[in-house]
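[1] Any chance you can model this:
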Amino acid sequence: MLYTPPCPTQTMASGSAPTADDPVSTPGSRHLQPPAMDTVLFDLDGTLLDTAPDLIGAANALLSEHARPQLPPGYYASVVSHGSAAMIARSFDLAPNDPRMEPLRQRFLALYRDRVSELTRPFDGIPALLDSLDAAGLRWGVVTNKPGWLTEPLLRDLDLARRAACIVSGDSVQHRKPDPRPVTHACELLDIAPEQAVVVGDARRDVSAGRLAGTATVVALFGYITGEDRPTYWGADGLIGHPGELTRWLTLPSPR
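    Numbers count the residues shown, from 1 in each chain. Model prediction:
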């Protein structure tokens, strides 16, 4: 069964005014003008790719190995983008310091690696967006907390690794988002100033990393955002409900 990300309680397209009950902690939206803005740095899980079906499949396979019933996709809605420990904690109702956590987490990762691209696909609108970026001569890359031994085969399987200008995984540098250094490292790999890039992600950590690194930031509301999240508080430069909306930030023709 495919996981359908829940709709956020509030959405805001770039440039739209927030409601009085949900203020935005940013000084205001800015439109991103090439050639100064020529690079898009995507988060992976919940932004570039819908990886939830395979993550949930691995979690349920692990439950089956322990003679436990499988859980419905919606049960994982609030944790699916927060890493393997969060998935195990939800699956087995464990505290982070439980001694059973690490063996279960390692087994979960092994099961997930075996099915890393079985059901995972780009979100609707992402292929057209990437085509538009390529056609316009803009570069795009990936900055994710997912470890490289999972990130790289996944992107290769979906024929995206060869197209990405850079791939920064969770173990590429010693720190992970929300630390800015993965974003800074991506800019260094591409030999650009942070002001030339926009970070697109579906979690507060993506916005924090981009802002601290000095890039523009856009929230992907189509990703793994739950009703408990408040993305208009994150301080991003804009929020988009569909990948194609990014093109107006970059003054590109809209994807067909």
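[2] So residue 90 belongs to a strand, correct?
    No: using DSSP: H, G, I helix; E, B strand; the rest coil, the assignment for residue 90 is helix, not a strand.
[3] does it really touch residue 73, like I thought?
    No: judged on C-beta atoms under 8 Å, residue 90 makes no contact with residue 73 at a distance of 11.8 Å. No exception for glycine: its C-beta is placed from N, CA and C like everyone else's.
[4] for the helix or strand of the chain with the lowest mean pLDDT, packing partners?
    Ranked by mean pLDDT, DSSP states H and E, the helix or strand of the chain with the weakest confidence is helix 246-249, at a mean of 86. When contacts are defined as 3 or more C-beta pairs under 8 Å, 6 or more residues apart in numbering; DSSP states H and E, helix 246-249 packs onto helix 126-135, strand 238-240.
[5] go with 10 Å
    For helix 246-249, the packing partners by 3 or more C-beta pairs under 10 Å, 6 or more residues apart in numbering; DSSP states H and E come out as strand 39-42, helix 126-135, strand 197-201, strand 216-220, strand 238-240.
[6] between the second one and strand 216-220, how big is the angle?
    The one in question is helix 126-135. 160 degrees (axes from the mean of the first three to the mean of the last three C-alpha atoms, to 10 degrees).
[7] Residues touching helix 126-135, excluding its own?
    The contact list for helix 126-135 (C-beta atoms under 10 Å, 6 or more residues apart in numbering) reads 38-40, 42, 47-50, 121-123, 138-140, 158, 160, 163-165, 200, 220, 222, 242-247, 250, 252-256.
[8] Quick one: buried ones out of these?
    The neighbour count (16 or more other C-beta atoms under 10 Å) marks 38-40, 42, 47-50, 122-123, 138-140, 158, 160, 164-165, 200, 220, 222, 242-247, 250, 252, 255 as buried among the contacts of helix 126-135.
[9] measure the residue with the largest distance to the centre of the chain to residue 73 for me?
    Distance from the C-alpha centroid of the chain peaks at residue 67, with 32.0 Å (C-alpha atoms, centre = their mean). Taking C-beta to C-beta, to the nearest Å as the measure, residue 67 falls 21 Å from residue 73.
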